[in-house]
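Novice: Whatever this is, show me its structure:
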Amino acid sequence: MKIGFDAKRAFCNFRGLGNYSRTLLEGLAKYYPDNGYFLYSPPIRTLSGKAWRTQFPKFNVVTPRMLIGKIFHGIWRSIYLSDVVKKDSLNIYHGLSHELPPYINELNIKTVVTIHDLLFERLPDYFSAIDRRVYRRKCSYSCQVANKIIAVSNQTKKDLVEFWNIPEEKVRVIYQSYSSCFDNVCTDQEKNEIKVRLQLPNDFILYVGALTANKNLIGLIKAYALAGVKEKLVIVGRGSRVYKAELSNLIDELNLGSKVIFLHGVETKELPAIYQQATCFAFPSFYEGFGIPVIEALASGIPVVTSKDTSMEEAGGGGAVYADPYSCEDIAEKLKNVLNNSLLRDELIKKGKEHAKLFSPERTARELMALYEELVSS
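Specialist: Numbering: from 1, shown residues only. Predicted coordinates:
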């Protein structure tokens, strides 16, 4: 089988959507190596993207050949990509993050698109009117022309049905897998090297993710202040200067000083050693399509405090305690419960490790391949 992918984020994005693309592609390459995999991407200019490419020489990486495509990536992806795909005689084309190229429905190719979330519909105040219009046009077009839609959670499937009246039978829930690096138990030496280099405290609550308003970091910091616990709060992620300044001002107002530590530029390969030294993981997001950091924490063997009534309950299973993300008092109470109750922590760790198996790269690859084969044979 010849399968093509929109691989822009696999090579250019080393955050959530890029991680989804890479773990998915790595799983398929490992467990189904006999297929031909075609990765369509703008020119790969980042060192991280080039390094990832060299790890998988059997991938057929396709980048623009014409000068206009090399300079204007958006034009290549929106005007020329369908013609490029047609020449490669694919059986399947999979848009890994919300998009399918225009006119691809006119080709004799089965198409799949992954929809991660409808955040711009669920929390529209976080987006400008123009951004909402662009996202809605791209995503709704892809859902309309795709033969099958993959939702990364039941929450996302519910949103697709609720907001856009997508037929339920057109949507298949296939959970995102976590990187296999989180299955590795770090040695004391490896953990100590990371601890010294990043100046990690002995006891800390961990947050990993983007520094954006929907992640509810303001609520987390306020809850941390209310909890009054001895553990420090370590925040790993990137965000805009404006939002980081807002967080810093809040920390000053609450007199938290050095109790809140921000870490930037942390690579994925360094995360297991950080997770495995944390006392607990906190992720009180208002809304997520899925929330892979929760799975990374469970696989790393640490208990989780996250949001109730969201997709986080799918991600966390029995390995998490759930709080109302709109109540700082509830988040604070749940944090204290986990930090002060060793029996609860042990129970959450045990259940979390078991729950994380549902999101292994092997399982995701198997479910994806079953979907591809089903489409090709139909």
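Novice: Give the buried residues for stretch 47-65.
Specialist: Gly49, Trp52, Arg53, Phe56, Phe59, Val61, Val62, Thr63, Pro64 (16 or more other CB atoms under 10 Å). (Glycine included, C-beta is placed from N, CA and C.)
Novice: Same list (these) but as CSV, adding pLDDT and secondary structure.
Specialist: Shown next, in CSV, are the buried residues of stretch 47-65 (pLDDT from 0 to 100; DSSP: H, G, I helix; E, B strand; the rest coil):
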residue, pLDDT, secondary structure
Gly49, 85, helix
Trp52, 88, helix
Arg53, 89, helix
Phe56, 90, coil
Phe59, 94, coil
Val61, 92, strand
Val62, 90, strand
Thr63, 84, coil
Pro64, 79, coil
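Novice: The nearest residue to Pro101 once chain neighbours are set aside is in what secondary structure piece?
Specialist: Spatial nearest neighbour of Pro101, chain neighbours left out: Leu81 (4.1 Å); criterion: CB to CB, 6 or more residues apart in numbering. Using DSSP states H and E, Leu81 sits within helix 81-87.
Novice: that older thread, next, give me the two most distant ones among the buried residues of stretch 47-65.
Specialist: Put simply, by CB to CB the two of these set farthest apart are Phe56 and Pro64, 20.2 Å from each other.
Novice: so where's this structure uncertain?
Specialist: For the chain, the stretches with pLDDT under 70 are 66-75, 80.
Novice: Can you show me the strands along it?
Specialist: 2-6, 36-40, 60-62, 92-95, 110-115, 148-151, 171-173, 204-208, 232-236, 260-263, 280-283, 304-307, 320-323 (DSSP state E).
Novice: out of these, which comes closest to Trp76?
Specialist: strand 36-40 (9.1 Å).
Novice: between the closest one and strand 2-6, what angle do the directions make?
Specialist: 20 degrees (axes from the mean of the first three to the mean of the last three CA atoms, to 10 degrees).
Novice: can you list contacts of strand 36-40?
Specialist: Applying CB atoms under 8 Å, 6 or more residues apart in numbering, the external contacts of strand 36-40 come out as 1-8, 10-11, 25, 28-29, 58-63, 77, 81, 84-85, 88, 90.
Novice: buried ones in that strand?
Specialist: Tyr37, Phe38, Leu39, Tyr40.
Novice: my guess is Ala315 meets Ala299, correct?
Specialist: No - look at Ala315 against Ala299 with CB atoms under 8 Å: they stay out of range, at 11.3 Å.
Novice: So for those two, which sits in the more crowded spot?
Specialist: Neighbours were counted for Ala315 and for Ala299 using other CB atoms under 10 Å; Ala315 has more, 32 against 25.
Novice: In contact with the residue lying closest to that one once chain neighbours are set aside, which residues are there?
Specialist: Of all residues not flanking Ala315 in the chain, Val294 sits nearest, at 4.2 Å (CB to CB, 6+ apart). Shown in contact with Val294 (CB under 8 Å, 6+ apart): Phe281, Phe283, Val304, Thr306, Met312, Ala315, Gly316, Ala320.
Novice: If we use 7 Å, what do you get?
Specialist: Phe283, Val304, Thr306, Met312, Ala315, Gly316, Ala320 (CB atoms under 7 Å, 6 or more residues apart in numbering).
Novice: ok, and the most crowded of these?
Specialist: Ranked by neighbours (other CB under 10 Å), the contacts of Val294 are led by Ala315, which has 32 neighbours.
Novice: Ile3 versus that one, what's the distance?
Specialist: Using CB to CB, to the nearest Å, we find Ala315 at a distance of 27 Å from Ile3.
Novice: quick one: buried residues of stretch 293-312?
Specialist: 293-308, 310-312.
Novice: Give me the subset of the residues you listed that lies in helices.
Specialist: Pro293, Val294, Ile295, Glu296, Ala297, Leu298, Ala299, Met312 (DSSP state H).
Novice: which one of those residues sits closest to Lys244?
Specialist: Pro293 (18.4 Å).
Novice: Now for the residue lying closest to that closest one once chain neighbours are set aside: which residues touch it?
Specialist: Nearest in space to Pro293, with sequence neighbours left out and distances taken as CB to CB, 6+ apart, is Val208 at 4.6 Å. Counting by CB under 7 Å, 6+ apart, Val208 touches Val236, Gly237, Leu271, Pro293.
Novice: what do you get for Tyr178?
Specialist: Tyr178 touches Thr23, Ile292, Ile295, Glu296, Ala299, Phe359, counting by CB under 7 Å, 6+ apart.
Novice: Can you name the two of those residues that sit furthest apart?
Specialist: Thr23 and Ala299 (12.1 Å).
Novice: How many residues are close by Asn13?
Specialist: 18.
Novice: need the contact list for it.
Specialist: Asn13 neighbours (CB under 7 Å, 6+ apart): none.
Novice: Go again with 10 Å.
Specialist: Asn19, Tyr20, Ser21, Arg22, Thr46, Ser48, Gly49, Ser97 (CB atoms under 10 Å, 6 or more residues apart in numbering).
Novice: and the gap between the residue nearest to the fifth one when sequence neighbours are not counted and Leu39?
Specialist: The one in question is Thr46. Spatial nearest neighbour of Thr46, excluding adjacent residues (CB to CB, 6+ apart): Cys12 at 6.2 Å. Separation of Cys12 from Leu39 (CB to CB): 12 Å.
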